[in-house]
Every structure is written in C-alpha cells, then in structure tokens.
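Undergrad: Whatever this is, show me its structure:
(one chain, ligands or ions: 1)
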Amino acid sequence: MLKPLLHSLVPEELEDAVAAVGQPAWRGRQVRDWLHRHPVRDWAAMSNVPGPLRHALAEKYDLWGLVPTERQVSRDGTRKFLFTLRDGATVESVIIPMNDHTTFCISSQVGCAMACRFCATARGGLVRNLEPGEIVQQVLHLLADLQDEPMAGMGDRQPNVVFMGMGEPLDNFPAVERSILIMQHEAGLGISRRRIRISTSGPEEGLEMLLGSDLQVGLTLSIGGSDDQERRRIMPVPGRTTLARAADLAAEYAARVRRRTTIAWVMIEGRTDEPEQARRIAALVAGRPFKVNLIPLNPLDDDKLASPPFQKILAFQSILKDAGVDTFIRASGGQDIAAACGQLRRRRLTAGPGK
Ligand code: SAH
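TA: Residues are numbered from 1 along each chain as shown. Here you go, the predicted model:
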C-alpha cells in the first residue's frame, strides 16, 4: 500500500497533520511553504523543519510521487511530459503556449473507462484514479519546468489549468475536487478559479456531483455525437447519459458559476463532419449558456480515423455561426510529438520497455 502524498492534503489539513505530531501551527505553515511556495522533492530539503518532524511526517506520507520520464518539445513550443508514478503507472501532462499565457493540460486518471473511439487513452481501459497530490504535482512540475526554461512572451501570468489530459475527471471527482481546492487555495498554489477548467465526457453521476459541490471552475462538455444514438456509438460509457440530460446539467452549472459551458466537438472525417450534425448541435445549443469548440481529430497512428479537410471544418463552423452559436476552431498543438490525450503513453506501452 502506498502512503498518501502530503500534497493530497488541503492546507488546513496539512496544519492539522503537523499539529497531530505535536507541533505548533507555525511549523505547519513552514511545511506548507515547502510544498507550495518552494516545492521540494525530498524531506531533507526542508532545511528549517526539524528532523523529528520530517521523520514523523515521512512515516505517514510520501513527499513526491512523480518521476519525470520523458520530456518532448514540439516545433510550436508545446512541451509534453510523461511521468512515472510510485507504482510504475504512467501519466502525461502538456504545456501549451497560447498568445500571452500558457495552458497546462493535466491528467486525472491512469487510463480511462469511457472507451471513446477516437481517444488514445481509452485503448487500455482504466488502470486507476490519481490521488489529489498526483494531480497537484503535475502542475508543480510544469511550473518548475517553466521557471527553469521560461517561454518567450509569456510574462508571469498564471497558467490556465485544464483537465484535458488522460482520464475522465468527473469519474474521479473527489480527488479532482480536492486537487482544485489545493490549486485555488491562497496558501496552496493560488490559481484563480477563472483559470481552471474541467473537461468532461459528461457521465450523469459525475455532472451531478459537480453540481452538488461548491467548485467554481470552467466546464467543457465533450458531446461526441449530435444525437443519442450517435453519441453512444462514439462514446459508449458517457453515452448512457442522454444529450438532453447532459446539456441540462451543464446549463445549470453554467448558470451557477456565471460562465458559459464550452461544448467540445471532435471533427472526424466522414463521421462527425456532416451539415446535419452541425444543425442538430445548433438546436441543442441555441438559447443556452454555451459556446462550441470544434477540435480537428489528432489521428491515432493505428487508426483509420482522420481529420476532415479544413474546408469542411469551416463549412461546419458556418452552419453553427449562422444559427447564432459562437463557434471556434481549436488548433491542436504538438502534432509532431504525439501530444493528443494519451498518445505519448500509448506509444511507450506499445513500444515496450527500453524504447
Ligand atoms: N475525459 C474528458 C477529458 C479528457 S479528453 C473529456 O472527454 O472531455 C479532452 C478532450 O480531448 C475531449 O474534448 C476529447 O473529446 C478530446 N480528444 C480526445 N482524443 C482526441 C483526439 N485524438 N483528437 C482530438 N481530440 C481528442
């Protein structure tokens, strides 16, 4: 059994954990700073924390859980990371340069149970949930990477953090929620709620948990199909939730956080690029607090699915725009380094050890 990571505790719990081994509150704050302000990866580096306290904590908690195993930099500046966790499982994170800031794309699970046809992560099924600290540490590692090697023109604006890496975040909601509370906490990473976004394939139980929580983050709903039958074919597990139900819950959430939900539509040639699909999406979205992102498929190497010609994507966008729906085409970064969700890990798994 792995010990929990100390980074899985929200700041208040961290102070309690330090108090529980008989130390005053200010010691708790000292430890907290070593986790979030000047993150250290071994106990000995907490130079002003007395040895007995470090040992007492180390008996119950692990300090660092990610071994950076691969780092690739794309021609467009996208940086892709593969981490090996304490049990040997692997997850990916990505830094994507935007115009004036960076977006961190992070993972919430090892593998995924949703079985979406176009997604590399889905291929191996779900291995396990990440614990909160393993999610937080992805962000910490990416921040450290940027500090070591800044990206030109990014200034010091906080990154955006999106749960668009491996896994279905609403299938691991308690850990995702906790990791977000730690990211948002001013004694944690201090990242504003406007900068954090959950992307979900929309399983009903997960959307209900999100609605029942106090979380305030952006939401993206990946719908996969323009009607229920189509959606079930492309996204078998989340497809058990009807589009109408998923859209209702997403609209309710958007109203609560006063921020539009993004509807994500992956564009696959001959499957999800037909005008009638665009019209059905327009009908689903019209009059609701939604906008639409069209994401050209990042093809899997072993697959026959392809991205449509750009003209076809533009035509699809026009139908939505003409229906009054704000619709954007998202460029997908890092094509040359297998940056789509789960692709780097998959290449490693299929290449076998030592490659
Ligand atoms: N499970 C969550 C988050 C991970 S997937 C979700 O479904 O939203 C993040 C986004 O990447 C989703 O919108 C998904 O549809 C998209 N995606 C997955 N594989 C892709 C691929 N090969 N090409 C383009 N987009 C992909």
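
Undergrad: All the helices of the stretch 101-250 of the chain, in order from the start?
TA: 132-148, 173-184, 204-212, 228-234, 243-257 (DSSP state H, counting those that start in this stretch).

Undergrad: so which of those helices is the most packed in?
TA: Scoring the helices of the stretch 101-250 of the chain by mean neighbour count under mean count of other CB atoms under 10 Å gives helix 173-184 as the most buried, with a mean of 22. Every residue, glycine included, has its C-beta placed from N, CA and C.

Undergrad: do stretch 134-144 and the ligand meet?
TA: No - using CB under 6 Å from any ligand atom, stretch 134-144 stays clear of the ligand, coming no nearer than 12.9 Å.

Undergrad: And for that stretch, what's in contact with it?
TA: 5, 7-8, 36, 39, 64-66, 68, 81, 83, 85, 91, 93, 95, 104, 106-108, 159, 161, 165, 175-176, 179, 182-183, 188-189, 191 (CB atoms under 8 Å, 6 or more residues apart in numbering).

Undergrad: can you give me phi and psi for residue 298?
TA: Per-residue torsions, residue 298: phi -90, psi 100 (degrees, to the nearest 10).

Undergrad: tell me the SS of residue 292?
TA: strand (DSSP: H, G, I helix; E, B strand; the rest coil).

Undergrad: List the buried residues in stretch 295-311.
TA: Residues of stretch 295-311 classed as buried: 295, 296, 297, 298, 299, 300, 307, 308 (neighbour count, 16 or more other CB atoms under 10 Å).

Undergrad: Quick check: residues of this structure near the ligand?
TA: Proximity of the chain to the ligand, by CB under 6 Å from any ligand atom, involves residues 118-119, 164, 168, 199-201, 222, 264, 266, 295, 297-298, 340-341.

Undergrad: Narrow these to those in strands?
TA: 199, 200, 222, 264, 266, 295 (DSSP state E).

Undergrad: The first one bridge partners, please.
TA: For residue 199, the beta-bridge partners are residue 220 (DSSP bridges).

Undergrad: so who does it touch?
TA: Counted by CB under 8 Å, 6+ apart, residue 199 has contacts 162, 163, 164, 169, 219, 220, 222, 264.

Undergrad: Next, format these as TSV and append pLDDT, distance to residue 331 and neighbour count.
TA: Output for the contacts of residue 199, formatted as TSV (pLDDT from 0 to 100; distance: CB to CB, whole Å; neighbours: other CB atoms under 10 Å):
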residue	pLDDT	distance to residue 331	neighbour count
162	97	15	21
163	98	20	27
164	96	14	25
169	98	23	29
219	98	21	23
220	98	16	20
222	97	17	24
264	97	14	19
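
Undergrad: farthest pair in these?
TA: Longest distance between any two of the contacts of residue 199 is 13.3 Å, between 169 and 264; criterion CB to CB.

Undergrad: Just the endpoints, please. Distance across stretch 301-319?
TA: 31 Å (CA to CA, to the nearest Å).

Undergrad: sorry, back to before: please render the buried residues of stretch 295-311 as CSV that adds pLDDT and distance to residue 135 to the earlier fields.
TA: Conversion of the buried residues of stretch 295-311 to CSV gives the following (pLDDT from 0 to 100; distance: CB to CB, whole Å):
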residue, pLDDT, distance to residue 135
295, 95, 23
296, 94, 27
297, 94, 26
298, 90, 23
299, 88, 28
300, 84, 25
307, 94, 30
308, 96, 34
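
Undergrad: Show me the two of those residues that sit farthest apart.
TA: 300 and 308 (15.8 Å).

Undergrad: Now do the one residue in the stretch 1-150 of the chain that gets nearest to the ligand: how many residues are near it, please.
TA: Nearest residue of the stretch 1-150 of the chain to the ligand: residue 119, at 3.8 Å (CB to the nearest ligand atom). Residue 119: 25 surrounding residues under other CB atoms under 10 Å.

Undergrad: Alright, that wraps it up for me.
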